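Engineer: how would this look folded up:
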Amino acid sequence: MLTQTTTRVLDPSDLDAALDILGREPVENAFVTSRVQVAGLDPWRLGGEMWGWYADGDLRSLCYAGANLVPVCAGPDAVRAFADRARRTGRRCSSIVGPAEATRLLWKLLEPSWGPARDVRSHQPLMIIERPSAEIPADPLVRRVRKDEMDLIMPACVAMFTEEVGISPLAGDGGLLYQARVAELVAAGRSFARVENGKVVFKAEIGAATPRACQIQGVWVDPAFRGRGHSETGMAAVVRYALRDVAPVVSLYVNDFNAAARASYRRVGFREVGAFMSVLF
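Structural biologist: Predicted coordinates:
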């Protein structure tokens, strides 16, 4: 028997069905779930379209198509369908990111028309922690960044982004969108830092947050203070805040070539549960 499949852009009436799909993998899907729970499926509020892949009339997989292209619970058939739609619409995203297996196939199908990429990070371990660190003490000086400290935190955020991604977030629109995102996290109480003498020594954010899982991002230590354990004690502090105030599972993903960061996170108590992949344009 042939399976009838189709893809279409979801609309607000599909919200419950989309949330059911997202709920299958609460850690992997934290980024997309957090956006949908806040904005719903209206493309203007969501910042992009949500594509749905149907088999025999049932919604089986999703793909968020905004600033990032993110496959969600997508097997090979769904990925092929999403790649066909992405080719037709043309590249509008600055990256493709998601679970490694689906993202790898999606990029393989899109590379002939979308390539070359600026960078491909094919294996980024996905790590989680579910209880405060038993080995590393939380840095008592790590605290939430206040709303009146945007001038303090922005240079550290720009330095982290440039170091991690390879380009400045101030390019293009002068950093307006990036600054708005940083301000949003600060206002939500999800930006954390250790500040000494008016200088950010360590910082990190809880970028995506749902009732079931949250994701730490933007971990950075000032180069002058590296090698002193700030990444570990700082992360232990952020994990405590996250577990207490946000969600029962805290996650992050890290480049596989960053052996020092992976070892640091393991010492804090994170363990690997999967892998992501990112394609940067």
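
Engineer: who does the helix or strand that contains residue 7 pair up with?
Structural biologist: Assigning secondary structure by DSSP states H and E places residue 7 in strand 5-9. Each strand that pairs with strand 5-9, with its direction, by DSSP bridges: strand 49-55 (antiparallel).

Engineer: and the strand it pairs with, how far out from the chain middle?
Structural biologist: 21 Å (Cα atoms, centre = their mean, to the nearest Å).

Engineer: pull up the pairing partners for the very next helix or strand once past that strand, direction included.
Structural biologist: Downstream of strand 49-55, the first helix or strand assigned by DSSP H and E is strand 58-65. Strand 58-65 has its sheet partners listed here by DSSP bridges as strand 49-55 (antiparallel), strand 68-72 (antiparallel).

Engineer: and among those, the most buried is which?
Structural biologist: Scoring these by mean neighbour count under mean count of other Cβ atoms under 10 Å gives strand 68-72 as the most buried, with a mean of 26. For the C-beta atoms, the positions are set from N, CA and C on the backbone; glycine is no exception.

Engineer: who touches it?
Structural biologist: 21-22, 25, 29, 31-32, 61-64, 78-79, 82, 86, 93-99, 102-103, 106 (Cβ atoms under 8 Å, 6 or more residues apart in numbering).

Engineer: coming back round to it: what sits up against the strand holding residue 7?
Structural biologist: 43, 49-56, 77, 81-82, 84-85.

Engineer: same check on stretch 192-202?
Structural biologist: Contacts of stretch 192-202 (Cβ under 8 Å, 6+ apart): 139, 141-145, 152-153, 155-156, 203-206, 220-222, 225, 230-231, 234, 237-238, 241.

Engineer: mark which of these are buried, thanks.
Structural biologist: Neighbour-count burial (16 or more other Cβ atoms under 10 Å) applied to these gives 139, 142, 145, 152-153, 156, 203-206, 220-222, 225, 230-231, 234, 237-238, 241.

Engineer: return the subset of those residues lying in helices.
Structural biologist: Among the buried ones among the contacts of stretch 192-202, the members found in helices (DSSP state H) are 152-153, 156, 230-231, 234, 237-238, 241.

Engineer: which pair of those residues spans the longest distance?
Structural biologist: Maximum pairwise distance among these (Cβ to Cβ): 19.4 Å, between 152 and 231.

Engineer: would you mark the buried spots in the strand holding residue 7?
Structural biologist: Neighbour count says strand 5-9 has residue 7 buried, by 16+ other Cβ under 10 Å.

Engineer: output it as PDB - backbone C-alpha positions only.
Structural biologist: Presented in PDB, the C-alpha positions along strand 5-9 are these (Å, rounded to 0.1, in the frame of the first residue of the first chain):
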ATOM      1  CA  THR A   5       2.400  12.200   1.900                       C
ATOM      2  CA  THR A   6       2.400  16.000   1.700                       C
ATOM      3  CA  THR A   7       3.900  19.100   3.200                       C
ATOM      4  CA  ARG A   8       2.300  22.400   4.000                       C
ATOM      5  CA  VAL A   9       2.800  25.600   6.000                       C
END
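
Engineer: can you tell me the average pLDDT over that strand?
Structural biologist: For strand 5-9, mean pLDDT rounds to 95.

Engineer: off-centre distance for that strand?
Structural biologist: 25 Å.

Engineer: now do the buried residues in the helix or strand that comes right after it.
Structural biologist: Once strand 5-9 ends, the next helix or strand along the chain (criterion: DSSP H and E) is helix 15-22. If you call a residue buried by 16+ other Cβ under 10 Å, then helix 15-22 has these buried ones: 15, 17-18, 21-22.

Engineer: how about the residue most central in space within the chain, nearest residue that isn't a chain neighbour?
Structural biologist: For the chain, the residue nearest the mean C-alpha position is residue 31 (5.2 Å; Cα atoms, centre = their mean). Of all residues not flanking residue 31 in the chain, residue 208 sits nearest, at 4.4 Å (Cβ to Cβ, 6 or more residues apart in numbering).

Engineer: and the one you found, bridged to which residues?
Structural biologist: The partner residues for residue 208, given DSSP bridges, come to residue 215.

Engineer: give me the neighbour count for it.
Structural biologist: 21 (other Cβ atoms under 10 Å).
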